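Give me coordinates for this.
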Amino acid sequence: MTDHPRSTASPGRRSLLKLGLALPAALTLAKPARAATFPTRPITLIVPFPAGGATDTQMRALAVAASRELGQTVIIANRPGAGGTLGPAAMAHTTAPDGYTVSVVVGTLFRYPFLQQVNYDPLTDFTYVACMTAYSYGIVVRQDAPWKTLDELIAHARANPDQVSYGGTGAGGSGRIAIERLSRLTGVRFNFIPYKGAAEETTALLGGHIQMVSDAGWGPMIDTGKARLLAVMGEARAKRVPDVPTLTELGYPIIASNPVGIAGPKGMDPKVVAVLQKAFHRASRDPEYNRALENADQPHMLMDSAAYTEYAVRQVAEEKQFVAELGLKMQ
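Numbering: from 1, shown residues only. This next block holds a predicted model:
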C-alpha cells in the first residue's frame, strides 16, 4: 500500500494557503451580497416641479410607501424648471449612478431636444427605472368665467385675438402643444404664459392673472368649486367628471398623453435598478398614492425598466416627427 505524501508546510503556512484559496471565492460571493444590501442609506427622489402641485403630492405619497418597501427613507427634492427637464438633466450630469439619487421624468424630457438646445441626450444619459402613471390633461377656467363650454371660449377668443391668456407647464409642455394644435384647427390666437408647475398655474388662474389653464393636475381646482373643466384631452372622458367631453368629441382630434416615470443617471447596476423598480411598483398599491392619482384622474401605467427604455426610444422618434410637423420652436 502506498502512503499519501504528507505536507511539509507548517500549520501556520497551511492556514495561509487555505485562506489564499478561499479568498477568490469569498470575493466572488461578496459582489452580489453587496448589491443585495442596497439601499443602506436614504434615497433622493427629484421632483422637477414646485411643491404643492399634483405631481409633488403624488410623489410624496409614493415616496412614503417606497420607503417602507426599501427600508430606507425616500426624500423628495423639488427642482423645478425648464418644463420638468431641469431636475433630471442636472441629476444625469452631477450624481453617481449608484441608485441613491433618481428623478421623476415626464414627456418633455423626450421633446425638448427638438425644441431648443439642451445639455442632455434622453437616449444615452439616463437609466430608465420604472414608469408609474400618466397625466390627464384638461382645459380649465375659473368658476365665475363667462364661458360654460369650450365653444363659447373659442368664440370669445376669436373675437378678441391674443386677449385670452392661458398657462401651462413649460413652453414645450404637452398642454401648450395641445392648445397650439387647437389654435391651428380653429384659427384662434391665445396668449401663452409658461409656469413651472400646476401650483403656480392655479394661483395665477384663481388670482385672475390668466383666463385658462391647459395642463394636468386640474382635480384639486375642480374639487374646491373655484374652477370649471371645459374639456379633457384623453381618449375617453375622465371618470371623476363624466359629463365633461373630450376634445375629440367636440370635433377637435387632439389627444394629449404624458407618462410619468422614474429614471437615474446612465450606467446604473441592473441589480440596483431591479430593487428600485420592484419597490416603486409595489408602492403603487398604497392607498394614499392611489387617492392622489384619483384626484387628478390619472391611471396606473406601470412599465418595468426594459419596457420603459423601449418606450423612451419610441417616444424620442415620435416627438422629433411631431415637432417637425408642427414647426414648433421655443421662443
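
and the nearest residue to Asp215 once chain neighbours are set aside, what does it touch?
Distance criterion Cβ to Cβ, 6 or more residues apart in numbering; nearest residue to Asp215, sequence neighbours excluded, is Gly175 at 4.0 Å. Where you see a C-beta, it was placed from the backbone N, CA and C, and this is true even at glycine. Taking Cβ atoms under 8 Å, 6 or more residues apart in numbering, we find Gly175 in contact with 137, 168-169, 213-216, 256.

which of the residues you listed lies closest to Leu62?
Here the nearest of these to Leu62, counting by Cβ to Cβ, is Ala216; it sits at 16.0 Å.

which residue packs closest to the closest one, ignoring adjacent ones?
For Ala216, the closest residue by Cβ to Cβ, 6+ apart turns out to be Tyr135, at 3.5 Å.

before we move on, which element is that neighbour in?
Counting by DSSP states H and E, the secondary-structure element that holds Tyr135 is strand 126-136.

got the phi/psi numbers for the residue nearest to Asp215?
Its backbone dihedrals place Gly175 at phi -60, psi -40, with angles given as degrees, to the nearest 10.

Could you measure from it over to Phe190?
In this structure, Gly175 and Phe190 are separated by 12 Å, where distance is defined by Cβ to Cβ, to the nearest Å.

how would you label the nearest residue to Val129 once chain neighbours are set aside: helix, strand or coil?
Closest residue in space to Val129, ignoring its immediate chain neighbours: Ile262 at 4.7 Å, by Cβ to Cβ, 6+ apart. For Ile262, the assignment made with DSSP: H, G, I helix; E, B strand; the rest coil gives strand.

pLDDT wise, what is Ile262 at?
At Ile262 the predicted local confidence, pLDDT, stands at 98.

Test my guess that it contacts Val106.
No. Checked against Cβ atoms under 8 Å, the pair Ile262 and Val106 is beyond contact range at 10.8 Å.

which residues touch Arg181?
Each residue near Arg181 by Cβ under 8 Å, 6+ apart is listed here: 252, 254, 326.

so which strand or helix has it?
Taking DSSP H and E as the criterion, the element that holds Arg181 is helix 174-186.

Okay, angle between the strand holding Tyr135 and helix 174-186 too, please.
Between strand 126-136 and helix 174-186, the angle comes out at 50 degrees (axes from the mean of the first three to the mean of the last three Cα atoms, to 10 degrees).

roughly how far out does whichever helix or strand comes after strand 126-136 sit from the chain middle?
Counting by DSSP H and E, the element after strand 126-136 in chain order, helix or strand, is strand 138-142. Using Cα atoms, centre = their mean, to the nearest Å, the mean C-alpha position of strand 138-142 is found 22 Å from that of the whole chain.

and strand 138-142, what does it pack onto?
Taking 3 or more Cβ pairs under 8 Å, 6 or more residues apart in numbering; DSSP states H and E as the contact definition, the neighbouring helices and strands of strand 138-142 are helix 150-159, helix 198-206, strand 212-215, strand 227-232.

which of the ones you listed has the lowest average pLDDT?
helix 198-206 (a mean of 89).

Can I get that helix in PDB, CA atoms only?
Written as PDB, here are the backbone C-alpha positions of helix 198-206 (Å, rounded to 0.1, in the frame of the first residue of the first chain):
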ATOM      1  CA  ALA A 198     -49.600  73.200 -11.500                       C
ATOM      2  CA  ALA A 199     -49.300  75.000  -8.200                       C
ATOM      3  CA  GLU A 200     -48.200  78.300  -9.900                       C
ATOM      4  CA  GLU A 201     -50.800  77.900 -12.600                       C
ATOM      5  CA  THR A 202     -53.600  77.500 -10.100                       C
ATOM      6  CA  THR A 203     -52.500  80.600  -8.200                       C
ATOM      7  CA  ALA A 204     -52.400  82.600 -11.500                       C
ATOM      8  CA  LEU A 205     -55.800  81.400 -12.600                       C
ATOM      9  CA  LEU A 206     -57.600  81.900  -9.300                       C
END
